[in-house]
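**Student:** okay, here's the prediction I keep looking at, along with the sequence it came from:
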Amino acid sequence: MFRTRAICRSLAPLGDRILVRKAAKETQTSSGIYLPADKTKSPNEGEVIAVGPGLRDVSGTLHVPTLKVGDQVLLPSYGGTEVKLDGEELHLFREDDVLGKFA
């Protein structure tokens with residue numbers, strides 16, 4: 001009867017926002033001890049998936065973000081907006097909220 005097609009959604013951040021995929025939670029310590037899933041902390045690092053065009057100031061000058069797609073970043077413990085796309089959990093942050101970039 002009805003034909004449906006798979007729709008793959010994508011998200012392009014606006015302004016100085018950055019879309020980040022957080023790293024997976026660690027379930028095993030460095031010494032080999034397994035942790036219960038509810039006791040693991042949310043990781044505070046992730047990978048940049050998409051970057052907005054930048055932010056314009058009062059004079060109209062565009063300030064391009066310093067982060068690029070693929071950068072590994074350090075994130076704050078709280079903050080950002082959680083977004084679910086195609087079953088994947090991603091987070092939107094402003095560039096000012098990102099604490100640092102791993103070299």
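**Tutor:** Cool, the structure landed.
**Student:** drop to CA atoms for contacts and neighbour counts, all remaining ones
**Tutor:** Fine.
**Student:** and Asp71, how many neighbours?
**Tutor:** Neighbours of Asp71 under the rule other C-alpha atoms under 10 Å: 14.
**Student:** test my guess that it contacts Phe102.
**Tutor:** Yes. Using C-alpha atoms under 8 Å, Asp71 is in contact with Phe102, at 7.5 Å.
**Student:** shaky segments in this protein?
**Tutor:** Within the chain, the ranges that satisfy pLDDT under 70 run 1-9, 26, 36-42.
**Student:** strands of that one, residue ranges please.
**Tutor:** With DSSP state E, the ranges of strands along the chain come out as 17-22, 45-51, 55-56, 62-63, 72-74, 81-85, 88-94, 100-101.
**Student:** list the beta-bridge partners for the residue positioned nearest the centre of the chain.
**Tutor:** Geometric centre of the chain, nearest residue: Val20, 1.2 Å, by C-alpha atoms, centre = their mean. Beta-bridge partners recorded for Val20 (DSSP bridges): Val48, His91.
**Student:** quick one, what contacts Glu89?
**Tutor:** Arg21, Glu82, Val83 (C-alpha atoms under 8 Å, 6 or more residues apart in numbering).
**Student:** buried among those residues? Make that a PyMOL selection.
**Tutor:** The following PyMOL line selects those of those that are buried, judged by 16 or more other C-alpha atoms under 10 Å:
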select buried, resi 21
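**Student:** so can I have a markdown table of the contacts of Glu89 showing distance to Asp57?
**Tutor:** Compiled in a markdown table, the contacts of Glu89 are given as follows (distance: C-alpha to C-alpha, whole Å):
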| residue | distance to Asp57 |
| --- | --- |
| Arg21 | 28 |
| Glu82 | 27 |
| Val83 | 27 |
